[in-house]
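> requesting a structural model of the entry that follows:
(one chain, ligands or ions: 1)
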Amino acid sequence: MNYSEILKEIYAEVQPLLTQGQVADYIPELAHIPPTKFGMAILTSEGEQFQIGEASEKFSIQSISKLFTLTLAMRLEGDAIWQRIGREPSGTAFNSLVQLEYENGIPRNPFINAGALVVTDMILSHACPPGGLDNAHETVLDFLRKLAQNAEIGFDLDVARSERSTGYRNIALANFIKSFGNLRNEPDKVLDAYFHHCSIAMTCSDLARAGLFLANKGRLPWNDEEIIKPNQAKYIKSLMLTCGTYDSVGDFAYRVGLPGKSGVGGGILAVMPGEFSVCVWSPRLNENGNSLAGTKALELLTTLTGISVF
Ligand code: GLU
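Model (predicted):
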């Protein structure tokens with residue numbers, strides 16, 4: 001497949017969209033990003049890499065981190081995670097509080113903020129046992145560095161601080177979940193780790209590489225290392241398809257036809273099992289919080305190649 005030509009075609013087609021949509025500004029630091037950026041990187045299971053635009057520029061991965069924290073939690077706790085989190089689309093905003101009240105503090109799925117806070121709590125319980133070393137931030141960072149094969153990946157501490165100082169809703173969520181007994185650690189500690197995970201800065205090519213194990217039945221294609229079991233890779237991709245792109249997940253699945261996970265930094269990571277992993281970044285978001293040009297780019301990718309999970 002000649003992905004270079006396809007990327008060029010996509011790049012030309014999305015240009016008029018780069019001035020549409022809004023950059024997420026509820027995290028003040030994200031409002032400073034030049035809004036018309038666009039990058040896209042495809043990495044095939046055979047190791048071929050294709051990219052266009054600003055695919056080597058770092059951006060804030062935000063909720064794409066939820067994909068990797070879920071993977072870590074599955075590695076640590078296996079199916080036990082489903083005693084504390086559901087796996088249904090929420091149909092409400094990613095930071096909604098209402099559902100939690102009548103569902104007794106059990107978040108609908110691991111990709112909304114409430115679910116990611118519980119996932120983070122699980123990782124904390126393993127990474128920082130009582131009296132042990134507190135290395136929760138690094139556990140997730142090291143995992144991403146290994147998956148992306150890039151030791152330079154780090155936190156954007158300005159973004160983490162910015163979100164911390166305005167994260168009233170996430171602070172409310174963490175305390176609310178704690179009140180139902182579904183956090184083992186103190187809300188402050190969970191929030192601190194969560195904000196750091198969201199602040200991680202990566203490029204499109206970093207993220208495409210980091211997601212490739214999902215296209216490859218849970219294994220790193222370059223050394224055959226098992227990151228998760230094949231059935232767990234299936235579970236994660238199913239959750240991406242049903243819960244990964246906010247409450248427009250149906251529209252995303254309809255248009256793109258690939259499991260994906262988006263973030264309010266404007267990134268979307270998607271995978272085509274057995275074929276490739278792809279990451280697109282463009283900061284302006286549609287009304288549901290997904291990158292506007294990024295969603296269109298992925299729709300064009302599956303349309304032009306004729307390759308999708310359907
Ligand atoms: N850090 C963001 C928040 O908690 C992540 C949101 C997102 O990317 O969905 O609001």
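> can you list the residues of the stretch 51-200 of the chain near the ligand?
Residues of the stretch 51-200 of the chain lying near the ligand by Cβ under 6 Å from any ligand atom: 62, 63, 94, 95, 113, 163, 170, 198. Backbone N, C-alpha and C define where each C-beta goes, glycine included.
> now tabulate the residues you listed in TSV and tack on neighbour count.
Below are these laid out as TSV (neighbours: other Cβ atoms under 10 Å):
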residue	neighbour count
62	23
63	24
94	23
95	16
113	22
163	23
170	22
198	28
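> could you dump those residues into JSON lines and include distance to residue 299?
Shown next, in JSON lines, are these (distance: Cβ to Cβ, whole Å):
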{"residue": "62", "distance to residue 299": "21"}
{"residue": "63", "distance to residue 299": "20"}
{"residue": "94", "distance to residue 299": "21"}
{"residue": "95", "distance to residue 299": "26"}
{"residue": "113", "distance to residue 299": "26"}
{"residue": "163", "distance to residue 299": "30"}
{"residue": "170", "distance to residue 299": "30"}
{"residue": "198", "distance to residue 299": "26"}
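> mind picking the lowest-pLDDT entry from the residues you listed?
pLDDT across these is lowest for residue 94, at 73.
> now do it against residue 297, distance only.
Residue 94 sits 21 Å away from residue 297, going by Cβ to Cβ, to the nearest Å.
> what's the pLDDT at residue 132?
56.
> oh, I was asking about residue 129
In this model, residue 129 is scored at 62, pLDDT.
> in a helix, residue 207, correct?
Yes: assessed with DSSP: H, G, I helix; E, B strand; the rest coil, residue 207 lies in a helix.
> check it and give its pLDDT.
We have a pLDDT of 98 for residue 207.
> I'd guessed it sits against residue 60; true?
No: counting by Cβ atoms under 8 Å, residue 60 is not a contact partner of residue 207; they are 11.5 Å apart.
> hey, what's in contact with both of those two?
Counting by Cβ atoms under 8 Å, 6 or more residues apart in numbering, the residues touching both residue 207 and residue 60 are residue 267.
> ok, back up a step: show me the two of the residues of the stretch 51-200 of the chain next to the ligand that sit farthest apart.
Largest separation among these by Cβ to Cβ: 94 and 163, giving 13.8 Å.
> how many neighbours does residue 307 have?
15 (other Cβ atoms under 10 Å).
> take the residues of the stretch 51-200 of the chain next to the ligand and write them to JSON lines, including distance to residue 234 and secondary structure.
Shown next, in JSON lines, are these (distance: Cβ to Cβ, whole Å; DSSP: H, G, I helix; E, B strand; the rest coil):
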{"residue": "62", "distance to residue 234": "25", "secondary structure": "helix"}
{"residue": "63", "distance to residue 234": "21", "secondary structure": "helix"}
{"residue": "94", "distance to residue 234": "24", "secondary structure": "coil"}
{"residue": "95", "distance to residue 234": "28", "secondary structure": "coil"}
{"residue": "113", "distance to residue 234": "25", "secondary structure": "helix"}
{"residue": "163", "distance to residue 234": "32", "secondary structure": "helix"}
{"residue": "170", "distance to residue 234": "30", "secondary structure": "helix"}
{"residue": "198", "distance to residue 234": "26", "secondary structure": "helix"}
